[in-house]
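**Q** What follows is a predicted protein model with its sequence.
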Amino acid sequence: MSVQEADLGPYTLPYRYTSNMPEVSDTSATGVAYLDHNATTPVDPRVAEEVMKFMLLDYGNAGSRTHTFGQTAKERVQRARTEIADLLACDPAEVIFTSGATESNNLAILGLASHGEETGRKHIVSTLIEHKAVLEPLDELAKRGFEVDLAAPGPGGRVDPEEIIRLVRPDTLLVSTMAVNNETGVIQPIEQVADALRGTDTFFHVDAAQAYGKLIAPLRHDRVDLLSFSGHKIGAPKGIGGLLTRRRGYKRPPLTPLMFGGGQERGLRPGTLPVALIAGLGLASSLAVKEFAQRHARARETRDLLVEALTPLNPQFNSDLEHTIDSTLNFSIPGVDSEAAIVALKDIVAISNGSACTSQTYEPSHVLLASGIGDERVAGALRLSWGYDQTLPNVDELVGRLRSLSRS
């Protein structure tokens with residue numbers, strides 16, 4: 001039964017769809033096309049319907065054991081674990097629900113601190129291009145006496161896996177690398193790192209916020225111990241995500257919780273489970289697997305179109321396109337400042353010049369600077385990121401406005 005058919009009074013959703021892959025609205029009421037999917041995605045209408053169902057009809061607490069409302073909620077949570085486990089090729093019991101990748105990153109990194117102190121393994125390896133949700137927990141551990149080494153990327157924004165492994169020592173507690181960079185879209189070599197860590201005691205954590213549902217095979221590597229993801233990057237609501245805690249043999253990663261009270265999520269993340277959001281994340285994960293090939297093809301078509309349209313402007317791509325995910329472009333146009341471009345384009349397209357999580361106090365991109373890109377080019381960097389069924393702006397108008405800025 002669809003939400004439209006349910007007796008929801010004033011809560012009927014303001015959309016209808018009939019196809020298996022509905023057009024997701026990424027154009028606002030003002031006609032501005034949305035090309036900032038790396039910041040957040042529109043909620044898939046099918047996911048919204050599922051969320052509304054568990055908000056307005058099946059609204060029980062998954063922890064309630066005495067009635068069918070609670071049982072229905074519990075069953076949906078378990079089904080969501082299974083849907084996520086299908087994407088990650090893991091046991092559903094290894095999926096821990098959190099508020100999103102930032103919390104998951106903190107739990108994975110700070111949660112290993114006690115084990116590191118107990119075992120004398122207080123060395124961590126990561127990279128210079130990580131999201132602040134990884135770099136700042138690492139800074140916190142450094143204040144507690146941990147030693148942190150950060151590998152630099154090459155000119156194309158990709159970190160050499162041999163450089164990461166070269167830094168690993170017998171006392172290395174953790175290697176933490178992102179799967180796809182949020183600013184450049186560059187796919188990082190997590191499979192090669194995972195292979196190299198076989199036979200060691202070092203834990204491997206992957207921040208998969210930008211890769212979850214967009215890549216499949218790399219995230220299924222059985223030597224990835226911990227993996228963070230967010231729902232709002234794949235058409236699910238904000239405020240829900242998870243952490244894969246893969247068992248090695250029969251042992252779970254020795255995480256210490258950051259919060260206490262209630263014992264939910266195997267004692268690692270207490271609090272009443274947001275069943276509606278979990279249902280949305282589960283469905284979004286299932287759809288990402290089922291529609292993977294089709295989404296991949298559509299995203300590549302959009303990228304090819306945009307690259308061709310931008311070519312007359314002599315764009316400087318700030319990533320190696322051979323290793324960049326199909327749904328992201330980061331580029332600079334000679335003579336164009338990114339802030340001026342965003343203002344000039346704001347009535348036709350929503351884009352960004354960096355991470356949404358740090359955009360309130362704009363600073364030059366630490367990712368691009370780490371890749372050796374010069375200050376002027378960094379100041380002009382623009383990021384376009386899109387979905388699998390993208391509504392594009394008037395591309396000729398976009399290119400024309402950028403050309404005008406380059407001449408001014």
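**A** That came through, no problem. Numbers count the residues shown, from 1 in each chain.
**Q** Would you confirm that residue 294 contacts residue 388?
**A** Yes - Residue 294 is within contact range of residue 388, at 7.3 Å (criterion: C-beta atoms under 8 Å). Glycine gets a C-beta too; all of them are placed from N, C-alpha and C.
**Q** so what secondary structure elements neighbour the helix ranked longest in the chain?
**A** Ranked by number of residues, the top helix in the chain under DSSP state H is helix 68-88. For helix 68-88, the packing partners by 3 or more C-beta pairs under 8 Å, 6 or more residues apart in numbering; DSSP states H and E come out as strand 95-98, helix 275-290.
**Q** quick one on the thing from earlier: between residue 294 and residue 388, who's got more neighbours?
**A** residue 388 (27 against 13; other C-beta atoms under 10 Å).
**Q** In space, what's closest to that one - neighbours in sequence excluded?
**A** Nearest residue to residue 388, sequence neighbours excluded (C-beta to C-beta, 6 or more residues apart in numbering): residue 295, at 3.6 Å.
**Q** Now do the contacts for that neighbour.
**A** 214, 288, 388 (C-beta atoms under 8 Å, 6 or more residues apart in numbering).
**Q** What is the neighbour count of the second one?
**A** Taking other C-beta under 10 Å as the criterion, the count of residues near residue 288 is 22.
**Q** With the first one instead?
**A** By other C-beta under 10 Å, the residues close to residue 214 number 25.
**Q** Who are the contact partners of it?
**A** Residue 214 is in contact with 180, 234, 288, 295, 325, 327, counting by C-beta under 8 Å, 6+ apart.
**Q** Show me the residues you listed that map onto strands.
**A** Residues of those located in strands (DSSP state E): none.
**Q** Reformat the residues you listed into TSV and put pLDDT and distance to residue 257 next to each item.
**A** Putting the contacts of residue 214 into TSV (pLDDT from 0 to 100; distance: C-beta to C-beta, whole Å) gives the following:
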residue	pLDDT	distance to residue 257
180	98	28
234	98	26
288	98	29
295	97	35
325	98	33
327	97	34
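**Q** Looking at those residues, spot the one nearest residue 220.
**A** Nearest to residue 220 out of the contacts of residue 214 is residue 288 (C-beta to C-beta; 13.1 Å).
**Q** Tell me where the stretch 151-300 of the chain has strands.
**A** For the stretch 151-300 of the chain, the strands defined by DSSP state E, counting those that start in this stretch cover 172-178, 203-207, 226-230, 241-245.
**Q** Now render these as a markdown table, adding mean pLDDT.
**A** Shown next, in a markdown table, are these (pLDDT from 0 to 100):
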| stretch | mean pLDDT |
| --- | --- |
| strand 172-178 | 98 |
| strand 203-207 | 98 |
| strand 226-230 | 98 |
| strand 241-245 | 98 |
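**Q** can you list those strands in TSV and add mean neighbour count and distance to residue 109?
**A** Below are these laid out as TSV (neighbours: other C-beta atoms under 10 Å; distance: least, C-beta to C-beta, whole Å):
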stretch	mean neighbour count	distance to residue 109
strand 172-178	25	6
strand 203-207	27	7
strand 226-230	29	9
strand 241-245	27	11
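**Q** want to throw those strands into a markdown table with distance to residue 383?
**A** Formatted as a markdown table, the strands of the stretch 151-300 of the chain follow (distance: least, C-beta to C-beta, whole Å):
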| stretch | distance to residue 383 |
| --- | --- |
| strand 172-178 | 15 |
| strand 203-207 | 18 |
| strand 226-230 | 18 |
| strand 241-245 | 21 |
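**Q** Just the contacts of residue 214: which are in helices?
**A** Among the contacts of residue 214, DSSP H puts 288, 295 in helices.
**Q** how close does residue 294 get to residue 44?
**A** Per C-beta to C-beta, to the nearest Å, residue 294 is found 14 Å from residue 44.
**Q** go on, residue 113?
**A** Separation of residue 113 from residue 44 (C-beta to C-beta): 37 Å.
**Q** mind putting the helices and strands packed on helix 68-88 in a markdown table, distance to residue 161 included?
**A** Listed next are the helices and strands packed on helix 68-88 as a markdown table, based on distance: least, C-beta to C-beta, whole Å:
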| stretch | distance to residue 161 |
| --- | --- |
| strand 95-98 | 27 |
| helix 275-290 | 26 |
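**Q** Kindly state which of these is positioned closest to residue 198.
**A** For residue 198, the closest of these is strand 95-98, at 23.1 Å, according to C-beta to C-beta.
**Q** What strands line up against the closest one, and which way round?
**A** With DSSP bridges as the test, strand 95-98 is paired with strand 241-245 (antiparallel).
**Q** Pull out the CA atoms of the strand it pairs with and give them to me as CSV.
**A** The C-alpha coordinates for strand 241-245 follow below in CSV (Å, rounded to 0.1, in the frame of the first residue of the first chain):
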residue,chain,number,x,y,z
GLY,A,241,24.0,6.2,9.0
GLY,A,242,26.0,3.4,10.3
LEU,A,243,29.2,1.7,11.2
LEU,A,244,30.3,-1.7,9.9
THR,A,245,32.1,-3.6,12.7
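**Q** Run the chain-centre distance for that strand.
**A** Offset of strand 241-245 from its chain centre (C-alpha atoms, centre = their mean, to the nearest Å): 12 Å.
**Q** buried stuff in stretch 77-89?
**A** By 16 or more other C-beta atoms under 10 Å, the buried positions in stretch 77-89 come out as 77, 79, 80, 81, 83, 84, 85, 86, 87, 88.
**Q** Figure out how far stretch 211-225 is from the centre of its chain.
**A** The chain centre lies 12 Å from the centre of stretch 211-225; the measure is C-alpha atoms, centre = their mean.
**Q** Figure out the length between the terminal residues of that stretch.
**A** End-to-end distance for stretch 211-225, by C-alpha to C-alpha, to the nearest Å: 16 Å.
**Q** cool, stretch 159-179 as well?
**A** Start to finish, the residues bounding stretch 159-179 are 11 Å apart (C-alpha to C-alpha).
**Q** Could you do stretch 370-390 as well?
**A** 31 Å.
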